[in-house]
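*Asks:* quick one: sequence and predicted model below, then my questions.
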Amino acid sequence: MADLICIGAIMGAFGVHGEVRLKSFTSEPDAIGDYSPLLTEGGKREFKVQLTRQIPQGFAARLSDVRSREEAEALKGTKLYVPRDQLPSLPDDEFYHADLIGLDVVDTGGAALGKVKAVLNHGAGDILEIWQKGAKNTLLLPFTLAAVPTVDLKARRIVADPPAEVE
C-alpha cells in the first residue's frame, strides 16, 4: 500500500439519508472533495466523496456505498486518507503534518528535547506536541519560524529554540 496521508475524518451522521459530517484537514477545506476516492486506514475501504453543503466545523457529504443514517453513524471517527503521490508538492518551508510526527527535536545547542508526538491546531496556528522521555507532561511548542528555525526531513530532525515560558 502506498504511503497514505490523512486528509479528513468522519465526525458522524448528518440527516437521515446516509450523509456524513466530514471534517477536512486540507489547507483549503473544500478541496477534500477533489481527492476522491478517499481510503480508510490501511486502504481497507474506499469512498467516492460528494460534498453536499458546508456545515459548522466541516461539510455534509455523501459517500459511495453509505445509504442510511446507521451506516453513516457506524463510520464516526473514521479517518480518511489519500496516497501521498496524489497530494501537491510543497514549498521548502511547508510540511505535511504526517512528515513531522516522530521527528527528533533538539535545541539550538544540540541537546535532545524529545520526539514530535502530534501536530495540534486549535485555531491560532500549529503547535508541536513533543514527547520527552521520562517527563510527566509533553512539551507544547509553537510551530513558528522563531521557535522552530530548522526542519530537516532527510535527517529526521527538528532544531527548536523554545520560548523561555515553554522550557
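*Replies:* Perfect, thanks for sending it. These numbers were taken from a predicted model, which means no experiment stands behind them. Residues are numbered from 1 along each chain as shown.
*Asks:* so how far is stretch 22-40 off the chain centroid?
*Replies:* Offset of stretch 22-40 from its chain centre (CA atoms, centre = their mean, to the nearest Å): 11 Å.
*Asks:* tell me how far the ends of that stretch are from each other?
*Replies:* 13 Å (CA to CA, to the nearest Å).
*Asks:* who touches the lowest-mean-pLDDT helix or strand in the chain?
*Replies:* Sorting the helices and strands of the chain by mean pLDDT, DSSP states H and E puts helix 97-100 at the bottom, at a mean of 90. By CB atoms under 8 Å, 6 or more residues apart in numbering, the list of residues contacting helix 97-100 from outside reads 5-6, 25, 116, 119, 126, 128, 151, 153, 158. Just so you know, the C-beta spots here come from the backbone N, C-alpha and C atoms, and that holds for glycine as well.
*Asks:* let's see it at 7 Å
*Replies:* Outside helix 97-100, the residues that touch it by CB atoms under 7 Å, 6 or more residues apart in numbering are 5-6, 116, 119, 128, 153.
*Asks:* same deal with stretch 143-156?
*Replies:* Residues outside stretch 143-156 that contact it (CB under 7 Å, 6+ apart): 95, 99, 103-104, 119, 125-128, 141, 158-163.
*Asks:* of the residues you listed, closest to residue 86?
*Replies:* Closest approach to residue 86 among the contacts of stretch 143-156 (CB to CB): residue 99, at 15.4 Å.
*Asks:* tell me how far the ends of stretch 25-45 are from each other?
*Replies:* 19 Å.
*Asks:* what do you get for stretch 74-93?
*Replies:* Distance across stretch 74-93, first residue to last, is 38 Å (CA to CA).
*Asks:* what are the buried residues along it?
*Replies:* Neighbour-count burial for stretch 74-93, with 16 or more other CB atoms under 10 Å as criterion, is recorded at 75, 78-82.
*Asks:* write a PyMOL command that selects only the buried members of the contacts of helix 97-100.
*Replies:* Paste this into PyMOL to select the buried members of the contacts of helix 97-100, with burial taken from 16+ other CB under 10 Å:
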select buried, resi 5+6+116+119+128
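*Asks:* adding secondary structure and distance to residue 59, write the contacts of helix 97-100 out as TSV.
*Replies:* TSV is the format used below for the contacts of helix 97-100 (DSSP: H, G, I helix; E, B strand; the rest coil; distance: CB to CB, whole Å):
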residue	secondary structure	distance to residue 59
5	strand	19
6	strand	16
116	strand	29
119	strand	22
128	strand	28
153	coil	31
